[in-house]
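1. The sequence isn't on hand, but the structure is:
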């Protein structure tokens with residue numbers, strides 16, 4: 001069991017290193033908090049209902065759209081980065097934006113069968129004004145696609161290696 005934990009730990013790091021390296025090279029926000037839980041699920045779960053590319057990518061896309069809709073409707077121009085005075089109107093608008101975004105994301109994922117819990121963190125990142133622009137949304141989508149692509153490439157390579165090893169042993 002410890003070997004599996006060590007491999008999963010390393011694999012999470014490898015998966016995040018791909019968009020992380022691209023973020024470093026390009027200076028763009030291609031790594032953000034909700035990417036970590038997605039990488040963890042990809043590294044530790046073999047359940048297709050959790051890790052299917054359609055769910056991971058689709059869930060984050062639903063989260064981005066819901067976050068943008070809530071933010072630009074309820075709290076445009078605001079950003080949650082520090083404590084606010086008690087009962088501040090701007091803070092209320094941000095809180096409302098976040099709540100509405102998570103509700104919309106949850107409903108959207110259920111309606112499209114793209115349930116991916118880390119997408120609820122993505123929608124908060126967007127709806128609370130941390131990455132609220134259309135270009136940010138595009139970068140989030142690109143980062144998720146890169147993460148899933150790296151996972152698919154690596155797991156495909158392992159499956160090919162594993163099956164060729166089994167075939168070699170049977171001959």
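-> Thanks, I have the structure now. All values reported here derive from a predicted model rather than from experimental measurement.
2. Quick check: which ranges of the chain have low pLDDT?
-> Applying pLDDT under 70 to the chain flags residues 1-2, 157-171.
3. which stretches of it form helices?
-> Under the criterion DSSP state H, the chain contains helices at 2-26, 35-44, 48-51, 53-74, 89-112, 118-127, 134-170.
4. The residue nearest the centre of the chain: what's it in contact with?
-> Nearest to the geometric centre of the chain sits residue 35, at 4.0 Å (C-alpha atoms, centre = their mean). Taking C-beta atoms under 8 Å, 6 or more residues apart in numbering as the criterion, residue 35 is in contact with 16, 19, 118, 143, 144, 147. C-betas here are computed from N, CA, C, even on glycine.
5. any idea how far it is from residue 156?
-> Distance from residue 35 to residue 156, counting by C-beta to C-beta, to the nearest Å: 21 Å.
6. for residue 20, same thing?
-> Residue 20 is 22 Å from residue 156, where distance means C-beta to C-beta.
7. for residue 36, same thing?
-> 23 Å.
8. Ok, residue 150 next?
-> Separation of residue 150 from residue 156 (C-beta to C-beta) stands at 11 Å.
9. the more surrounded of these two?
-> Neighbour count, other C-beta atoms under 10 Å: between residue 150 and residue 156, residue 150 has more, with 18 against 10.
10. Tell me who's in contact with the residue nearest to residue 137 when sequence neighbours are not counted.
-> Excluding its sequence neighbours, the residue lying closest to residue 137 (C-beta to C-beta, 6 or more residues apart in numbering) is residue 64, at 4.6 Å. Residues near residue 64 by C-beta under 8 Å, 6+ apart: 122, 123, 126, 137, 140, 141.
11. same thing but 10 Å
-> Residue 64 makes contact with 101, 105, 119, 122-123, 125-127, 131, 134, 136-141, 144 under the criterion C-beta atoms under 10 Å, 6 or more residues apart in numbering.
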